[in-house]
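Visitor: need coordinates for the below:
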Amino acid sequence: MSNYHYDEYEMEDVDDEMDEGFRSTDAPASDSDGDEYDDYSSSRKSDTSAAQARKGRDIQGIPWDRLNITREKYRQTRLEQYKNYENVPHSGEGLGKDCKPTEKGASYYDFIRNSKSVKSTILHFQLRNLVWATSKHDVYLMSHYSVIHWSSLVCKKREVLNVSGHVAPSEKHAGSLLEGFSQTQVSTLAVKDNLLVAGGFQGELICKHLDRRGVSFCSRTTYDDNAITNAVEIYVTPSGAVHFTASNNDCGVRDFDMEKYQLSKHFCFPWPVNHTSLSPDGKLLTIVGDNREGLLVDSRTGKTVTSLGGHLDFSFASAWHPDGVTLATGNQDKTCRVWDARNLSKSVAVLKGNLGAIRSIRYTSDGKYMAIAEPADFVHVYDVKSGYVREQEIDFFGEISGISFSPDTESLFIGVWDRTYGSLLEYGRRRNYSYLDSLI
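Guide: Have a look, this model is predicted:
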């Protein structure tokens, strides 16, 4: 993974007129900390509801009728001029013939609300796992130095953790760094049930139980110069113990036991690890990073079982289907590859993005849908049963900080970073209740 903060590598300004047009609206012009807590009522007024969208309002509130460019023209400009970051030159141009044609136009999740009072932010341009839903109404995300909880039920936010100052554990556990950290730059985040884990640029790990006051555990994975925490995954073992894995730029994957608050495993690989995901049965780990090939390794020993070949650049995303047979990887070559763990000689599907790298992948807990996020503007939701042939393409403008399905599959949240139109998009699962209507 490259050692750049987000603002060191941004998309080129594709249209100055559009940019000025955005700034001329009633939305705040700056993305400073002060904007984060603008007057709540004014933020609510600029939100977009499903009813307003049905009447023709842009879901992000962009006033296209007042701008000197149409939405269609600006979309075309973005597609032509967005600069995809590549570690391997021209990697995004070489896989056209391998990509599966898809049928667009499906609607699996309906637009519910765009909340501009929630400003989702990004620290590192390659790391986009900063939005996590713990229920269909509860979502956690990074906003500058704060982890924010947003309730879509009452449309209110609250700060859960602030890392701008000094953070130290309020509980004593062997191996915990009691002196804590100051001004942690959070590069990645994970939230599951009542556990929140934030990973930092200097290898910091901050663990907080949402039902307790203070921070429970602090650790620094490494004092290496190349220490950034690229990804965190929280999981529950078959015995019910809560663990998490941390993927780091020092080529290490570490497993922490949150019952004992201890490092339980440490595996080393030949290249920086950008993301790991554990199979549903807990036996295999998908390892992807600064290498064209990914790995499947034994989760107990860290020994390589097999490699995953086919991508042309570095990978930053992976996920397992709940069936434990299918897995997916996302790469800077603009593709998501879907694999059958029983036969890994080649991927079963290659799905191509529109703009850039596939930086996040999520399956619904029932396994019916898979969502993949590009760096900006597009989230694709695929019907798994169709063989990933049918898809819903969610189209908007702005960098994507993260995507998350709720555990019950009813909600899909998308974090959007933009100086003017930064927000949290909420979608709800479309259900067919026509059998109920027949009773009325």
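Visitor: how far away is residue 413 from residue 402?
Guide: Going from residue 413 to residue 402 by CB to CB, to the nearest Å gives 8 Å. Where you see a C-beta, it was placed from the backbone N, CA and C, and this is true even at glycine.
Visitor: next one: residue 93
Guide: Residue 93 sits 27 Å away from residue 402, going by CB to CB.
Visitor: looking at the two, which one has more neighbours?
Guide: Neighbour count, other CB atoms under 10 Å: between residue 93 and residue 402, residue 402 has more, with 29 against 12.
Visitor: backbone phi and psi for that one, please?
Guide: Note on residue 402: its backbone torsions stand at phi 170, psi 160 [degrees, to the nearest 10].
Visitor: so what's it bridging to?
Guide: In this entry, residue 402 is beta-bridged to residue 415, by DSSP bridges.
Visitor: could I get the pLDDT score of it?
Guide: With respect to pLDDT, residue 402 scores 98.
Visitor: and if you look at residue 98?
Guide: 84.
Visitor: what's the answer for the one 10 residues further on, then?
Guide: At residue 108, the pLDDT value in this model is 98.
Visitor: what sits against it?
Guide: When contacts are counted by CB atoms under 8 Å, 6 or more residues apart in numbering, residue 108 touches 369, 381, 383, 392, 429-430.
Visitor: where does the stretch 51-200 of the chain have low pLDDT?
Guide: 96 (pLDDT under 70).
Visitor: rerun at 80
Guide: For the stretch 51-200 of the chain, the stretches flagged by pLDDT under 80 are 94-97.
Visitor: do a quick rundown of the strands in it.
Guide: Using DSSP state E, counting those that start in this stretch, the strands of the stretch 51-200 of the chain run over 103-104, 109-115, 131-133, 138-143, 146-151, 156-162, 166-167, 181-182, 186-192, 195-200.
Visitor: residues in contact with the third one: which ones?
Guide: When you say that, I think you mean strand 131-133. Contacting residues not belonging to strand 131-133 are listed as 120, 139-141, 189-192, 401-407, 411, 413-415, 424 [CB under 8 Å, 6+ apart].
Visitor: of these, buried ones?
Guide: 120, 139-141, 189-192, 401-406, 411, 413-415, 424 (16 or more other CB atoms under 10 Å).
Visitor: ok, now how distant is residue 197 from residue 214?
Guide: According to CB to CB, residue 197 stands 15 Å off from residue 214.
Visitor: of the two, who's got more company?
Guide: Using other CB under 10 Å, the more surrounded residue of residue 197 and residue 214 is residue 197, with 23 against 12.
Visitor: I figured that one hits residue 190, correct?
Guide: Yes - contact criterion CB atoms under 8 Å: residue 197 and residue 190 qualify, at 5.0 Å.
Visitor: any residues in contact with both of those two?
Guide: Applying CB under 8 Å, 6+ apart, one finds that residue 197 and residue 190 are jointly contacted by 232, 234, 244.
Visitor: out of the strands of the stretch 51-200 of the chain, which is closest to residue 324?
Guide: Of all those, it is strand 186-192 that lies closest to residue 324, at 18.4 Å by CB to CB.
Visitor: and the angle for the closest one with strand 195-200?
Guide: With axes from the mean of the first three to the mean of the last three CA atoms, to 10 degrees defining the directions, strand 186-192 sits at 170 degrees from strand 195-200.
Visitor: walk me through which strands strand 186-192 pairs with, and which way each runs.
Guide: strand 195-200 (antiparallel).
Visitor: what's the partner strand in contact with?
Guide: For strand 195-200, the surrounding residues in contact (CB under 8 Å, 6+ apart) are 140, 147, 160-161, 163, 181, 184-191, 204-210, 228-232, 234, 242, 244, 246, 258.
Visitor: and the gap between the residue lying closest to residue 182 once chain neighbours are set aside and residue 261?
Guide: If the residues on either side of it in the chain are set aside, residue 182 comes closest to residue 166, at 4.9 Å by CB to CB, 6 or more residues apart in numbering. According to CB to CB, residue 166 and residue 261 sit 20 Å apart.
Visitor: now the phi/psi pair for residue 70, please.
Guide: Backbone torsions for residue 70, taken as degrees, to the nearest 10, come to phi -80, psi 160.
Visitor: quick check: it touching residue 64?
Guide: Yes - with contact defined as CB under 8 Å, residue 70 counts as touching residue 64 (6.3 Å).
Visitor: what touches both of these two?
Guide: By CB under 8 Å, 6+ apart, no residue touches both residue 70 and residue 64.
Visitor: for residue 253, see how far away residue 403 is.
Guide: From residue 403 over to residue 253 the distance is 23 Å, taken as CB to CB.
Visitor: show me the contacts for residue 385.
Guide: By CB under 8 Å, 6+ apart, the contact set of residue 385 is residue 368.
Visitor: relative to residue 430, how far out is it?
Guide: Distance, residue 385 to residue 430, using CB to CB: 15 Å.
Visitor: over to residue 357?
Guide: Distance from residue 357 to residue 430, by CB to CB: 28 Å.
Visitor: about what we covered before: residue 166 and residue 261: which is more packed in?
Guide: Counted by other CB under 10 Å, residue 166 and residue 261 do not tie: residue 261 has more neighbours, with 18 against 11.
Visitor: next, count neighbours for the closest residue to that one other than its chain neighbours.
Guide: Among residues not flanking residue 261 along the chain, residue 173 sits closest, at 3.7 Å (CB to CB, 6+ apart). Neighbours of residue 173 under the rule other CB under 10 Å: 16.
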